[in-house]
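Undergrad: structure for this input, please:
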Amino acid sequence: MKTYGLIGYPLSHSFSKKYFTEKFLNEGIGDHHYELFPIEDIKALPDLLNANSTLCGLNVTIPHKVNVLCYLNEVDEAADQIGAVNCISIKSFDGENYLKGYNTDAFGFEESLKPLLADHHQKALVFGDGGAAKAVKYVLKKLNITYQIVVRKATPGAILYNEITPEILASHKLLINTTPLGMSPNIDTYPEIDYSLIDSSYLAYDLVYNPLETAFLAKAAAQGAQIKNGLEMLYQQAEKAWAIWNK
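TA: Numbering: from 1, shown residues only. As a prediction, this is how the structure comes out:
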């Protein structure tokens, strides 16, 4: 038996559990199952591992993506540079667990973004600077796309929404929302920019995938912009996790 699972708190609903349970069923992968492990305090991780000897891999979600780092034996380059882990492989050597952390959010974002990029997508406006923005910034640096962070409260190195001039918007053709704005049930919220200045040369990417078309994407699309939600990113990072666990 091989067990995989998700740690985080709270875990009211999980894309990962549904995805992997259906994957195991559809692909005839027997003796594999996926469980939810709602742990409020990351200090419970060693006990969780000791109590579940068949654990081979974990996904990690809020609030443990950063505080899990001190429990890992090794992290990959992306996780190290981003400073956050959302996937852990668990191997056993001489009866001892060896935990390696990865950031598959970066992989998922990069793989879903690259096919959409055109030569004029050289600069990006990134809305929000929380945990979700970490992987986005890592990928943009990797792709040599310069970016400007936009936030609601003054932060060093970032600008406020009301500081986005028409010139700034005109020179940043890639727009990326990393905030929860527009996420169900608050579907009427969106990054407050001047959408009338957007045209078909723009690419608007929203990490939110529920609903599939947020108010941000709808407003951008109405101006002719190309749009993309975060659903493919989610599928890509899940498949990357599966590949890591089966190395």
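
Undergrad: mind listing what's buried in stretch 115-131?
TA: Within stretch 115-131, the residues that count as buried by 16 or more other Cβ atoms under 10 Å are 121, 124, 125, 126, 127, 128, 129, 131. Any C-beta I mention is one placed from the backbone N, CA and C, and that applies to glycine too.

Undergrad: is it true that residue 233 touches residue 112?
TA: Yes: at 4.6 Å, residue 233 counts as touching residue 112 under the criterion of Cβ atoms under 8 Å.

Undergrad: ok, those two, which is more surrounded?
TA: Between residue 233 and residue 112, counted using other Cβ atoms under 10 Å, the more crowded position is residue 233 (25 against 20).

Undergrad: which one is that one nearest to, not counting chain neighbours?
TA: residue 108 (4.0 Å; Cβ to Cβ, 6 or more residues apart in numbering).

Undergrad: does that neighbour count as helix, strand or coil?
TA: Put simply, residue 108 is helix when judged by DSSP: H, G, I helix; E, B strand; the rest coil.

Undergrad: need the contact list for it.
TA: When contacts are counted by Cβ atoms under 8 Å, 6 or more residues apart in numbering, residue 108 touches 232, 233, 234, 235, 236, 237, 238, 240.

Undergrad: same question for residue 97.
TA: Contacts of residue 97 by Cβ under 8 Å, 6+ apart are 49, 90, 91.

Undergrad: please identify the buried residues of the one helix or strand the second one maps to?
TA: Looking back up the chat, that one is residue 90. Assigning secondary structure by DSSP states H and E places residue 90 in strand 87-93. Using 16+ other Cβ under 10 Å as the test for burial, strand 87-93 gives 87, 88, 89, 90.

Undergrad: so which bits of stretch 197-205 are buried?
TA: 198, 202, 203, 204, 205.

Undergrad: same list (the residues you listed) but as CSV, adding distance to residue 244.
TA: Listed next are the buried residues of stretch 197-205 as CSV, based on distance: Cβ to Cβ, whole Å:
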residue, distance to residue 244
198, 38
202, 34
203, 29
204, 30
205, 24
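
Undergrad: how is the chain partitioned into domains?
TA: Domain ranges of the chain: 2-102, 106-233, per automatic domain parsing.

Undergrad: same list (those domains) but as CSV, adding mean pLDDT.
TA: Below are the domains of the chain laid out as CSV (pLDDT from 0 to 100):
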stretch, mean pLDDT
domain 2-102, 95
domain 106-233, 97
